[in-house]
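Undergrad: Below are the sequence and a predicted model for it; my questions follow.
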Amino acid sequence: MATGTDPQARTTSGPDPAAHGVHAPSRAAVPARHLRTDRWWLAPAATAAGLFAFVVYSTWRAFSGADYYAEPYVSPFYSPCVAQNCVPMKGGANWEIFGAWWGLSPALLILIFPLGFRLTCYYYRKAYYRGFWASPPACAVPEPRAKYTGETRFPLILQNLHRYFFYFAVIVAGILTYDTVLGFRDESGRWGHMGLGTLVLLINIVLIWAYTLSCHSCRHIVGGRLKHFSRHPVRYRLWGWVSSLNARHMALAWASLVSVALADFYVYLVASGAFDDPRFF
């Protein structure tokens, strides 16, 4: 029975030995590029639009070097602030490690760590590979390239640094947690107060921790190398908790991306005088 999958039937002169991918001589002779009839392009297009919007916003804020502190709130883009040109933050993570010679925005010194963590994240790799590089654009849709080398060559081989960026991400999340605690002060530094900005920072740090701990590297560190779970009941319990977060890794990646941008924007509005922080108590 004829199935239409004979490689020799691809052309009248036989298969093209130089063809690659779905048109390789060993593949079925299907003339269509793909057989999907749904709007498969919507997901990668929406992903690319969302990531592009964040890149534009975060680039503007990172290079602005202004309106990132309104006591007691500090933007997550600028903490810890490790340059001499940082705005003094009362009790905050304000360490003058880089002297007067650093004339650019202090955010550029710290954003490399959370940026590196997200760029090498397994989910984000899938997101921007599909959204920007069409590699591949969707399931059952071939990529436009003739050759595939994976992540074995520079610069993509640097994706293997993800586990190390995870350690830095934990440190940054810890500092942002400290910043959130400082948010329970008023403008004069007195404790026992809370404003809308405190709530914004609190929601943001919860989502950041959830995203960080849902990371595949975290799951591997907690219990990935254990051969006998029964001998490590505590780590097995932790591994189960991290695994439950890992199942929601994509949702947490987007939620934390939006929350960190909103937290920065809120601090910007308050610091620039465009908005007065409502106080709850």
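TA: Noted; the coordinates are in hand.
Undergrad: what ranges of the stretch 1-150 of the chain fall below the confidence cut-off?
TA: Residues of the stretch 1-150 of the chain that meet the criterion pLDDT under 70 lie in 1-24, 26-30.
Undergrad: Kindly export stretch 190-201 (C-alpha atoms) in PDB.
TA: Coordinates of each C-alpha in stretch 190-201 appear next as PDB, following Å, rounded to 0.1, in the frame of the first residue of the first chain:
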ATOM      1  CA  ARG A 190      10.800  54.100  62.600                       C
ATOM      2  CA  TRP A 191       9.800  50.400  62.700                       C
ATOM      3  CA  GLY A 192       6.300  49.000  62.900                       C
ATOM      4  CA  HIS A 193       4.800  50.700  59.800                       C
ATOM      5  CA  MET A 194       3.600  49.500  56.500                       C
ATOM      6  CA  GLY A 195       2.700  51.100  53.200                       C
ATOM      7  CA  LEU A 196       1.500  50.000  49.800                       C
ATOM      8  CA  GLY A 197       5.200  49.800  48.700                       C
ATOM      9  CA  THR A 198       5.800  47.300  51.500                       C
ATOM     10  CA  LEU A 199       3.100  45.100  50.100                       C
ATOM     11  CA  VAL A 200       4.500  45.500  46.600                       C
ATOM     12  CA  LEU A 201       8.000  44.500  47.700                       C
END
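Undergrad: can you tell me the average pLDDT over that stretch?
TA: Average pLDDT, stretch 190-201: 95.
Undergrad: Need the nearest residue in space to the most centrally placed residue in the chain, chain neighbours excluded.
TA: Residue closest to the average C-alpha location in the chain (C-alpha atoms, centre = their mean): R118, at 3.1 Å. The shortest distance from R118 to any non-neighbouring residue, by C-beta to C-beta, 6 or more residues apart in numbering, is to Y124 (5.3 Å). (Glycine included, C-beta is placed from N, CA and C.)
Undergrad: what separates that neighbour from P31, distance-wise?
TA: According to C-beta to C-beta, to the nearest Å, Y124 stands 35 Å off from P31.
Undergrad: quick one, which of these two is more surrounded?
TA: Each of Y124 and P31 has its neighbours counted (other C-beta atoms under 10 Å); Y124 has more, 21 against 7.
Undergrad: so what secondary structure elements neighbour whichever strand or helix holds that one?
TA: Following DSSP states H and E, one finds Y124 within helix 122-133. In terms of contacts (3 or more C-beta pairs under 8 Å, 6 or more residues apart in numbering; DSSP states H and E), helix 122-133 is packed against helix 42-64, helix 249-271.
Undergrad: What residues sit buried inside the host helix or strand of W241?
TA: Element membership of W241, judged by DSSP H and E, is helix 233-246. Judged by neighbour count using 16 or more other C-beta atoms under 10 Å, the buried positions of helix 233-246 are L238, W239, V242, L245, N246.
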